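K.L.:
next one to model:
(chains A and B)
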Protein chains: 2
Amino acid sequence: MEFNLTESIQILAKTPSVISNLLKDLPDAWVTTNEGGDTWSPYDVVGHLIHGEKTDWIPRAEIILGDKKNKAFEPYDRFAQFKNSKGKTLDQLLTKFRELRAENIKKLKALNIGEQALMKTGVHPEFGPVTLKQLLAAWVVHDLGHINQITRVMAKNYKVEAGPWPKYLTVLQDK
Amino acid sequence: MEFNLTESIQILAKTPSVISNLLKDLPDAWVTTNEGGDTWSPYDVVGHLIHGEKTDWIPRAEIILGDKKNKAFEPYDRFAQFKNSKGKTLDQLLTKFRELRAENIKKLKALNIGEQALMKTGVHPEFGPVTLKQLLAAWVVHDLGHINQITRVMAKNYKVEAGPWPKYLTVLQDK
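P.N.:
Okay, the predicted model is just below:
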């Protein structure tokens, strides 16, 4: 499928309500259980998405489209949520994510990105030059990937209780 | 995690709105593209969930708890949606799923299932004896697994457009 900005914005705008819907009002154990070791719980994922709103997608798009000669992105901190979410309830995080995402969608629309702008590049700390189109496509996949992760983490809570069914419940089979 | 009926009902009740939220108003391509070959599109998944409401989870719970001596479940048709969804719009399917799920949650609550009832068994065509608890836990995992699948199928649409990012977007890496 070819990248389409309007459709991408549509999907990005859905994410906060999809995740709120999934997690809201659930007992803590459903929200804070992870897949073991240093894996992330749904709570951790929401914190990670908040950090992405603040430092990743839109700030990087602004670097690509801005006037500054230096197009290097700041490295992204994949673990910032463990510090930043401390002491906050899931509801607080969900509200914060919803607000930040709404602001960022507004900013994204205001950038009036056309076909040419989509081909402009920034410099990713690991990948080197990447286009705005790749950044925005990755943002959409990143959202869907974290909803995917939340549902997988939740599903695993009942892996034992589901008895023989996991044979056909592929979400329970580790990659 | 131990099975909990109230929490399970809470999660089962969320699924129609989570899936509606994800898919509503998206252009057809996002809804009907699958992962290739005979894999399922999000549209196919919604049809499958509808068939499950009609023939799988609650009907099987009723067999387990009912008076009939024969506790054998009907085999489940995993491909019914390809016939049953024909000619229907996604919106029609989403509405149908929402209605059927609401009815089934009502029925589930009306069954007044206690600890003892959870240990009653039915006979699965492949697994043999299974408890009501296992059936209901599998239902929850099945829901989460299909939301998981929908997000994965959608994410893959931008696998190419995301350029170098798929290296870190594990949802794009096939199992």
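K.L.:
so the lowest-mean-pLDDT helix or strand in chain A, near chain B or not?
P.N.:
Using mean pLDDT, DSSP states H and E, the weakest-scoring helix or strand in chain A turns out to be helix A:80-84, at a mean of 89. No - using CB under 8 Å from any CB of the partner chain, helix A:80-84 stays clear of chain B, coming no nearer than 15.8 Å. For every residue, glycine as well, the C-beta is placed using N, CA and C.
K.L.:
what is the helix or strand following that helix packed up against?
P.N.:
The helix or strand immediately downstream of helix A:80-84 is helix A:90-110, counting by DSSP states H and E. With contacts taken as 3 or more CB pairs under 8 Å, 6 or more residues apart in numbering or on different chains; DSSP states H and E, helix A:90-110 sits against helix A:5-23, helix A:42-55, helix A:57-65.
K.L.:
in CSV: the ones you listed, plus mean pLDDT and distance to residue B:146.
P.N.:
Below are the helices and strands packed on helix A:90-110 laid out as CSV (pLDDT from 0 to 100; distance: least, CB to CB, whole Å):
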stretch, mean pLDDT, distance to residue B:146
helix A:5-23, 98, 13
helix A:42-55, 97, 17
helix A:57-65, 97, 28
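K.L.:
JSON lines for those, including distance to residue A:152 and mean neighbour count?
P.N.:
JSON lines is the format used below for the helices and strands packed on helix A:90-110 (distance: least, CB to CB, whole Å; neighbours: other CB atoms under 10 Å in any protein chain shown):
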{"stretch": "helix A:5-23", "distance to residue A:152": "12", "mean neighbour count": "19"}
{"stretch": "helix A:42-55", "distance to residue A:152": "10", "mean neighbour count": "22"}
{"stretch": "helix A:57-65", "distance to residue A:152": "23", "mean neighbour count": "20"}
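K.L.:
ok, which of those helices comes nearest chain B?
P.N.:
Closest to chain B of those is helix A:5-23 (CB to the nearest CB; 4.8 Å).
K.L.:
run through who's touching the closest one.
P.N.:
A:30-31, A:42, A:46, A:49, A:90, A:94, A:97-98, A:101-102, A:105, A:108-109, A:113, A:118, A:136-137, A:139-140, A:143-144, A:146-147, A:150-151, A:154, B:14, B:17-18, B:21-22, B:25-27, B:30, B:147, B:154 (CB atoms under 8 Å, 6 or more residues apart in numbering or on different chains).
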